[in-house]
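> sequence and computational prediction follow.
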Amino acid sequence: MHVIVDGIVYARQRFGGINTYFNEMLPRLARQPDTRVDVLIPSQHEGGLPGPPVRRLARDFIPTRTGLNSRLDRRLEPLVETLKLGAIGLWASRKRDAVFQSSYLTSLSLMTQPQVAIAHDLNHERFPHLYTDEHGVWLRRRYPEYLRRATRVIAVSETTKRDVEHYYRVPDDRIDVVHLAVDRERFHPIDAEIDREALARTTGVASPYILYVGGRWHYKNFASVLEAMDRIHRRTPLKLVVAGPPWSATESAKLTHHPAAEVVRLVPYPDDRVLRLLYGCATAFVFPSLHEGFGIPLLEAMACGTPVVAADTLVFHEVAGDAVIFVRPQDPDDIAGGVERLLDERVSRDYRERGIQQSRRYSWDATARGTRRVYERALGMTGG
């Protein structure tokens, strides 16, 4: 089997669920017998890349800029991208037992072998009012084309599979659910006192605090966490630690006048080592997102033995089972109440143990095996 992956996502983001999926899954796949994995890497890329034995090839073999005029370069960009994908399709079509997968919404019109698409979430359909800019319009046009053109579609959860069927009418028998996972060698509990000392030394963060991880755009519902903190910090010694991108100018202006601002601390872009410390030392991890395709931070927190307070959504029930405290995500009082329940050591210990057990149900080895089965079905090597 020859797996060819368009690594275009590495030019779009430095971290996130998509990057994590490919970085974890592809090396495991490449280590299997009679399997070759090639990833086409953009010349301008961010974050970590898939490691060996994955082979990295240049994606930008056609120059993306003329060097003459930036406006001309922007006008030529769609044509250059079409030429690249056409050349990749011709190259891939000459490979034996080849299957193509895009990391972000590209398809090969000239490839005669099968193509596999992956659906992480359909938030652009669930929240169309948040996707009215040029990219949002493109996304809502391109996503259904991408999924319908594929031989098979991977959905990262049953919830996402139902969304693909509902919004885009992709037949059930063409969609395979392959859950994401957590690397328990990176995310695991260690001695709490040692962790607290290491965290304070590395970041200056001291316990007790609740933790929020990731982006803060609308459907992530970070505003409700801030409102919950307005209640929590008046009644408890808890602070809020936020791990993710730096504050935007708008966020900084809002925080200046927010009543909980004095107990909010940002740790920008922590690496996995620091992130594990942040999880492990937190009184609670709060995940109030209105919707996710899967929710890898849930598993990371649970694997670290961190009690979780999460939005009462279908996908979080699917991923976390009964291992987290579910709350109404747009009710700051309910979020605050969920966090304060975990100040009871017996309740905290119960959810800590539940989370560790639940996280053990997921592994990247299983994700790689599930992805390979999808490739085999696409190639007609096994029943689909």
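Received it, and whenever you're ready, just let me know what you need.

> ramachandran angles for Glu345?
The phi/psi pair for Glu345 (degrees, to the nearest 10) reads phi -60, psi -40.

> for it, grab the count of nearby residues.
9 (other C-beta atoms under 10 Å). Just so you know, the C-beta spots here come from the backbone N, C-alpha and C atoms, and that holds for glycine as well.

> distance-wise, check it relative to Val164.
Relative to Val164, Glu345 is positioned 43 Å away (criterion: C-beta to C-beta, to the nearest Å).

> what's the separation between Ser224 and Tyr10?
Using C-beta to C-beta, one obtains 32 Å as the distance from Ser224 to Tyr10.

> contacting residues for the spatially closest residue to Leu26 that is not a sequence neighbour?
Ranked by C-beta to C-beta, 6 or more residues apart in numbering and with sequence neighbours excluded, the top spatial neighbour of Leu26 is Pro50, at 4.4 Å. The neighbourhood of Pro50, defined by C-beta atoms under 8 Å, 6 or more residues apart in numbering, consists of 7, 22-23, 26-27, 37, 39, 56.

> and the furthest pair within those residues?
The largest distance within the contacts of Pro50, taken as C-beta to C-beta, falls between Gly7 and Pro27 and amounts to 13.4 Å.

> quick check: the residue nearest to Leu26 is in a strand.
No. In this structure, Pro50 is coil, not part of a strand, as judged by DSSP: H, G, I helix; E, B strand; the rest coil.

> for Thr35, phi and psi?
Dihedral pair for Thr35: phi -130, psi 130, per degrees, to the nearest 10.

> confidence score at it?
At Thr35, the model reports a pLDDT of 96.

> could you do Gly383 as well?
55.

> just to revisit the earlier point, which one of Gly7 and Pro27 has more residues nearby?
Set Gly7 next to Pro27 and count neighbours by other C-beta under 10 Å: Gly7 wins out with 24 against 17.

> where's the more buried one relative to Thr159, distance?
In terms of C-beta to C-beta, Gly7 sits 27 Å off from Thr159.

> repeat that for Arg346.
As it turns out, when the distance is counted by C-beta to C-beta, Arg346 lies 32 Å from Thr159.

> neighbour count winner among these two?
The residue with the greater number of neighbours, taking Arg346 and Thr159 and applying other C-beta under 10 Å, is Thr159; the counts read 23 against 6.

> OK, contacts around the more buried one?
With C-beta under 8 Å, 6+ apart, Thr159 has these contacts: 293, 314-315, 318.

> in helices, which of these fall?
Counting by DSSP state H, the part of the contacts of Thr159 found in helices is 314-315, 318.

> how is the protein carved up into domains?
The record's domain split for the chain, according to automatic domain parsing, is 2-181+364-378, 192-359.

> buried deepest among those domains, which one?
For the domains of the chain, the largest average neighbour count (mean count of other C-beta atoms under 10 Å) is found in domain 192-359, namely a mean of 19.

> that domain spans what distance, first to last residue?
Separation of the first and last residues of domain 192-359 by C-alpha to C-alpha, to the nearest Å is 19 Å.

> before we move on, back to that, can I get the contacts of Thr159 in CSV with distance to Arg96?
As requested, the contacts of Thr159 are arranged in CSV below (distance: C-beta to C-beta, whole Å):
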residue, distance to Arg96
Gly293, 33
Leu314, 42
Val315, 38
Glu318, 38
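
> please enumerate the strands of this protein.
Using DSSP state E, the strands assigned to the chain run over residues 2-6, 36-41, 55-58, 98-102, 115-119, 152-155, 175-177, 209-213, 239-244, 264-268, 284-287, 308-311, 325-327.

> just the angle between the fifth one and strand 2-6, please?
Computed by axes from the mean of the first three to the mean of the last three C-alpha atoms, to 10 degrees, the angle separating strand 115-119 from strand 2-6 equals 50 degrees.

> show me what strand 115-119 is packed up against.
strand 98-102, helix 134-149, strand 152-155, helix 158-168, helix 364-378 (3 or more C-beta pairs under 8 Å, 6 or more residues apart in numbering; DSSP states H and E).

> sorry, back to before: and which of the ones in helices among the contacts of Thr159 is nearest to His120?
Lowest distance from His120 to these (C-beta to C-beta) belongs to Val315, with 11.1 Å.

> which one is the residue most central in space within the chain nearest to, not counting chain neighbours?
Nearest to the centroid of the C-alpha atoms of the chain, with distances taken as C-alpha atoms, centre = their mean, sits Gly17, at 1.8 Å. Taking C-beta to C-beta, 6+ apart as the measure, Gly17 lies nearest to Ile296, with 5.2 Å between them; neighbours along the chain are not counted.

> that concludes my questions; thank you for your assistance.
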